[in-house]
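In: no sequence for this one, just the structure:
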């Protein structure tokens, strides 16, 4: 640290902007790798009724950072993934099931409430050496000097070799560096909540494909008063989401049970509700001088297929690994070369995941016979052709396009 810094200034290797799930993981990841880290931003309130389905590779990364042990007790295994065609298409299909054991895994991943994961990350951050948390958010950036400079809302100033912008879809870091996003707002919203149900989920996540969008039930751990629990993500029109969000618990539970075709028996709403607009946001570049974006700041899309945070954690893992390699070679971790390596490493994975989610949304909404037929052929092939099914499962859990 430079000796001429004033008391209000702080020099570090990495400034992480954002204290959400991706931001805290990035801060812990860099600090665990031996970098001096400052993480800025108030603790983000968990969105109501939301969970995150962490795939096996994400769980392994959290284990490597000694984070997972604090989260695991609140997570439920996903051993089976089931897709049910509920579109009333001209070419109806039988449900397709994927078993984790087919690709040598105990489970595809774990599902955990956002609030529980945030609590686990906050505890891990508090005990991580070389990590300082600041409750003040960044108010302004200067990327023109030899180091990036950030002015905090409390008047403090941080100088660093690298800024990790993990500050969400409306990222100030991205805008300050001149990085612009292309945003597409689907005419859809997702209704989310937690459910208790009469029948056990048997570690199975079930996604019903409907004409308005996916209706997904994902396992949650049971409690003393609700031994069988799942989380719900129900994509529908904006007006339908607002209407259902206003229903009382009993009426909403009956609608959910009907949409699930009583797969899990009688339902009860046992958690808060949330309504979230379906938005896809992509950027031409996710780096700028002294800046790398990660998580929703780098890419955002609807909560379909368990891709959002998993993609963000792969951002974090790649960025930390590239910084560690640069340091080992005596190079600047925020140099154009290091940032270009990160840009190239993440491009394919981001493109494939955002394209897949967008394609599924459009295929469900189309209601066009040739598209229905193509979608049906694809699902039928996954159900009937073992090698293809196993390839898709491996790509979903640990994509080779990641970097």
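Out: All right, it came through fine. These numbers come from a predicted model, not from an experiment.

In: work out for me the element the most centrally placed residue in the chain sits within.
Out: Centroid-nearest residue in the chain: residue 309, 1.6 Å away (criterion: Cα atoms, centre = their mean). Assigned by DSSP states H and E, residue 309 belongs to helix 308-328.

In: chain center to that helix: distance?
Out: Between the centre of helix 308-328 and the centre of its chain there are 15 Å (Cα atoms, centre = their mean, to the nearest Å).

In: now do stretch 182-195
Out: Counting by Cα atoms, centre = their mean, stretch 182-195 comes out at 14 Å from the chain centroid.

In: cool, stretch 67-75 as well?
Out: That offset, for stretch 67-75, works out to 17 Å (Cα atoms, centre = their mean).

In: over to the closest residue to the residue nearest to the centre of the chain other than its chain neighbours: give its phi and psi.
Out: Excluding its sequence neighbours, the residue lying closest to residue 309 (Cβ to Cβ, 6 or more residues apart in numbering) is residue 52, at 4.9 Å. Heads up, the C-betas are built off the backbone N, CA and C, glycines and all. Torsion angles at residue 52 (phi, psi; degrees, to the nearest 10) stand at phi -130, psi 130.

In: mind listing what the residue nearest to the centre of the chain touches?
Out: 21, 22, 52, 54, 58, 295 (Cβ atoms under 8 Å, 6 or more residues apart in numbering).

In: taking these together, which two end up most distant?
Out: Using Cβ to Cβ, the contacts of residue 309 reach their maximum pairwise distance at 54 and 295, which is 13.8 Å.

In: residue 217 against residue 230, yeah?
Out: Yes - counting by Cβ atoms under 8 Å, residue 217 touches residue 230, with 4.6 Å between them.

In: common neighbours of those two, please.
Out: Common neighbours of residue 217 and residue 230 are listed as 195, 201, 264 (criterion: Cβ under 8 Å, 6+ apart).

In: return the set of buried residues in the lengthiest strand in the chain.
Out: Counting by DSSP state E, the longest strand found in the chain is strand 181-197. Residues of strand 181-197 classed as buried under the neighbour-count rule (16 or more other Cβ atoms under 10 Å) are 181, 186, 188, 189, 190, 191, 192, 193, 194, 195, 196, 197.

In: next helix or strand past that strand?
Out: Next element after strand 181-197 (DSSP H and E): strand 204-209.

In: for the helix or strand immediately after that following strand in the chain, packing partners?
Out: Toward the C-terminus, strand 204-209 is succeeded by strand 214-220 as the next helix or strand (DSSP H and E). Packed against strand 214-220 by the contact rule (3 or more Cβ pairs under 8 Å, 6 or more residues apart in numbering; DSSP states H and E) you find strand 51-55, strand 75-78, strand 109-113, strand 204-209, strand 229-237.

In: now the third one, how far from the centre of its chain.
Out: Taking Cα atoms, centre = their mean, one finds strand 109-113 lying 11 Å from the centre of the chain it belongs to.

In: need the residues that contact whatever helix or strand comes next after that strand.
Out: Per DSSP H and E, the first helix or strand lying C-terminal to strand 109-113 is helix 114-126. Helix 114-126 is contacted from outside by 20-21, 24-25, 27-28, 39, 43-44, 46-47, 50-52, 65-67, 70-71, 74-75, 131, 133, using Cβ under 8 Å, 6+ apart.

In: just the ones of those in strands?
Out: 39, 51, 52, 75, 131, 133.

In: determine which two of these are furthest apart.
Out: Most distant of the ones in strands among the contacts of helix 114-126, by Cβ to Cβ, are 51 and 131, 26.0 Å apart.

In: which one of these two is surrounded by more residues?
Out: When neighbours are counted by other Cβ atoms under 10 Å, residue 51 and residue 131 differ, and residue 51 comes out ahead with 29 against 24.
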